[in-house]
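A.B. asks: coords please:
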Amino acid sequence: MKTKLVKLALIAVLSTAGATTAFAHDAARAEAKQMIELKNGSTLYVFKDGKMALEDRYGRATRIGLGAVVEAKDGRQIKMESDEVGRLDSLINEGHISG
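C.D. replies: As a prediction, the model looks like this:
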């Protein structure tokens with residue numbers, strides 16, 4: 001009986017964690033005019049105001065220097081015109097539940 005209860009609790013926690021992660025990035029996607037997948041697994045967000053931010057392959061907002069050049073999966077070279085790491089971090093974390 002205890003084993004079954006533990007399994008059910010674990011399933012509930014894991015399914016909630018997945019849903020939270022999916023919702024967490026919704027705010028960032030909604031604010032982005034364009035999302036560009038990069039060769040290294042990162043994602044470049046270009047916001048509606050033209051400013052840019054970088055999310056690493058682990059889903060974290062990452063600082064990158066102005067003028068840095070990143071490479072898209074399709075081989076395009078893109079120069080970073082801005083670094084909105086704080087903005088992206090806030091949007092990514094908007095859907096997370098603290099506790």
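
A.B. asks: would you point out the helix or strand in this protein whose mean pLDDT is lowest?
C.D. replies: One helix or strand of the chain scores below all others by mean pLDDT, DSSP states H and E: helix 2-24, with a mean of 54.

A.B. asks: would you mind listing the buried residues in the next helix or strand along the chain from it?
C.D. replies: Following helix 2-24 in sequence order, the next helix or strand is helix 26-31 (DSSP states H and E). Neighbour counts over helix 26-31 (16 or more other C-beta atoms under 10 Å) mark 27-28, 31 as buried. C-beta: built from backbone N, CA, C; applies to glycine.

A.B. asks: quick one: low-confidence residue ranges for this structure.
C.D. replies: Regions of the chain meeting the criterion pLDDT under 70 cover residues 1-24, 95-99.

A.B. asks: the spatially most central residue of it and Ile92, how far apart?
C.D. replies: Among the residues of the chain, Gly59 comes closest to the average C-alpha position under C-alpha atoms, centre = their mean, at 4.2 Å. Using C-beta to C-beta, to the nearest Å, Gly59 is found at 7 Å from Ile92.

A.B. asks: any chance you could list residues touching both of these two?
C.D. replies: His25 (C-beta atoms under 8 Å, 6 or more residues apart in numbering).

A.B. asks: who's in contact with the nearest residue to Gln77 once chain neighbours are set aside?
C.D. replies: Distance criterion C-beta to C-beta, 6 or more residues apart in numbering; nearest residue to Gln77, sequence neighbours excluded, is Val69 at 5.3 Å. Shown in contact with Val69 (C-beta under 8 Å, 6+ apart): 77-80.

A.B. asks: where's the residue lying closest to Lys39 once chain neighbours are set aside relative to Ala61, distance?
C.D. replies: Nearest non-adjacent residue to Lys39, counting by C-beta to C-beta, 6+ apart: Glu71, 4.8 Å away. In this structure, Glu71 and Ala61 are 19 Å apart, going by C-beta to C-beta.
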